[in-house]
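Asks: what's the 3D shape of this:
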Amino acid sequence: MEKHVKKGFIFRKYEAPFQSLFDKLFEIFKELITHTSGDFEEAIDWLRQLDVEYKLTDNSYTIDDFIEDLKKKGYIRVELQDDGTSGTAITAKTERAIRQQALDQIFGNLKRSGTGNHKTKYSGNGDEQTGEFRDYHFGDGLERISLTESLRNAQINNGVGEFLLTENDLVVEESKFKAQMSTVLMIDISHSMILYGEDRITPAKKVAMALAELITTRYPKDTLDILVFGNDAWPIAIKDLPYLKVGPYHTNTVAGLQLAMDMLRRKRNTNKQIFMITDGKPSCVREKDGTYYMNSNGLDEYIVEQCYNQAQQARKLHIPITTFMIANDPYLQQFVNHFTEANQGKAFYTGLKGLGEMIFEDYETNRKKKIK
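Replies: As a prediction, this is how the structure comes out:
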């Protein structure tokens, strides 16, 4: 009797993976603490409001219980404020958790690698084995000789009766150089980054945190320096990113570029690049006497010419600049186009959506080639 096998799909109601109430609240808390620039009390106030609206907790586990668990698990600590009162602050453990969440959100669940360095197409006396062999040449190090393959050649070429190994039997395994990249990420913290009801600084912070986590976990031989620029420019540590705020500043792009190039001059890596996240036009430069020349009305020729000069200087140093313009303003495209042409770099005109993916893809692409 012939059997008929029925094929098809069986649909079941989706059941979310089990997650404790602490873990659920912690996911929300990490998002809130990023938006509040590390202000714990404000983040908890927001969390309590969300709890009232969406019933996140129950009688068996409250927001106060969550706070106690944060203390026990080492995510927060009590510290002395500047005014002498005590307050609650997040710890380095939380900062790391925030960076990891940003990485997951922006770049997806990337597989981590212990050594994690990108490859280039150049073969030679590199530091990563390719699995391919070639004849031994004078000058090759003895440690690069493949003993197994060389002995095999000796047996084939000279027979097994009386062992004989000659230079013609020796082979070495090919290797490739690993491209190491030094990156400076410039973040605009001028006042326009929070104007017009749009929070632009938080996505920029998330990108920086995700990029930092990516490099430290997947590409540990790379370097990432982060600087912010307003009226002036100054470096910030990775651990300071969650606390980054916008100030009442103009946009001194020239100062940011000068500091970025100074940072990269001290790096030994051949591959160097600058990523610049900004939403506005340059509106400020610092004069030699220490005073500031500012003009927020239109594109000031005196200011933009100095930006173009810095772009050309970076090009002479073989440092490409990739500009991520997160404001959709056609008026500013003229400046960005000329700036990019002067540097022979790249520019992306984007809103906030997709910013992280663009930076990640460009970072990956640049690391797979020699920048000359």
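
Asks: every contact and neighbour count from this point should use C-alpha atoms.
Replies: Fine.

Asks: could you list the low-pLDDT ranges of the stretch 101-250 of the chain?
Replies: Applying pLDDT under 70 to the stretch 101-250 of the chain flags residues 108-132, 139, 174-178.

Asks: which residues of it fall in helices?
Replies: 147-158, 201-218 (DSSP state H, counting those that start in this stretch).

Asks: report the rounded mean pLDDT for stretch 269-289.
Replies: Averaging pLDDT along stretch 269-289 yields 92.

Asks: would you mind listing the buried residues in that stretch?
Replies: Judged by neighbour count (16 or more other Cα atoms under 10 Å), stretch 269-289 contains these buried residues: 269-286.

Asks: quick one, strands of the stretch 201-350 of the chain?
Replies: Using DSSP state E, counting those that start in this stretch, the strands found in the stretch 201-350 of the chain span residues 223-229, 233-236, 271-278, 284-286, 292-294, 321-325, 346-349.

Asks: among those strands, which comes closest to residue 242?
Replies: Distance to residue 242, taken as Cα to Cα, is lowest for strand 233-236 among the strands of the stretch 201-350 of the chain, at 11.0 Å.

Asks: just to revisit the earlier point, let me have the strands of the stretch 201-350 of the chain in CSV, adding distance to residue 362 as columns.
Replies: Output for the strands of the stretch 201-350 of the chain, formatted as CSV (distance: least, Cα to Cα, whole Å):
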stretch, distance to residue 362
strand 223-229, 15
strand 233-236, 22
strand 271-278, 10
strand 284-286, 28
strand 292-294, 33
strand 321-325, 9
strand 346-349, 10
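
Asks: closest one to residue 25 among those?
Replies: strand 233-236 (29.2 Å).

Asks: what sits up against that closest one?
Replies: Residues outside strand 233-236 that contact it (Cα atoms under 8 Å, 6 or more residues apart in numbering): 225, 226, 227, 228, 252, 255, 256, 259.

Asks: same question, stretch 181-192
Replies: Under Cα under 8 Å, 6+ apart, the answer for stretch 181-192 is 201, 204, 208, 221-231, 245-251, 256, 260, 263-264, 267, 269-280, 367.

Asks: and the helices of the stretch 101-250 of the chain, which is most packed in?
Replies: Of all those, helix 201-218 has the most neighbours on average by mean count of other Cα atoms under 10 Å, namely a mean of 22.

Asks: residue nearest the centroid of this protein?
Replies: residue 211 (1.4 Å; Cα atoms, centre = their mean).

Asks: I'd say that one and residue 105 touch.
Replies: No - Residue 211 is beyond contact range of residue 105, at 11.6 Å (criterion: Cα atoms under 8 Å).

Asks: sorry, back to before: okay if I get the contacts of strand 233-236 as JSON lines plus distance to residue 144?
Replies: Converted to JSON lines, the contacts of strand 233-236 look like this (distance: Cα to Cα, whole Å):
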{"residue": "225", "distance to residue 144": "35"}
{"residue": "226", "distance to residue 144": "39"}
{"residue": "227", "distance to residue 144": "42"}
{"residue": "228", "distance to residue 144": "45"}
{"residue": "252", "distance to residue 144": "51"}
{"residue": "255", "distance to residue 144": "47"}
{"residue": "256", "distance to residue 144": "45"}
{"residue": "259", "distance to residue 144": "42"}
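
Asks: which members of those are the farthest-apart pair?
Replies: 225 and 252 (18.3 Å).

Asks: out of the two, which sits in the busier spot?
Replies: Counting neighbours by other Cα atoms under 10 Å for residue 225 and for residue 252 shows that residue 252 has the greater number, 26 against 19.
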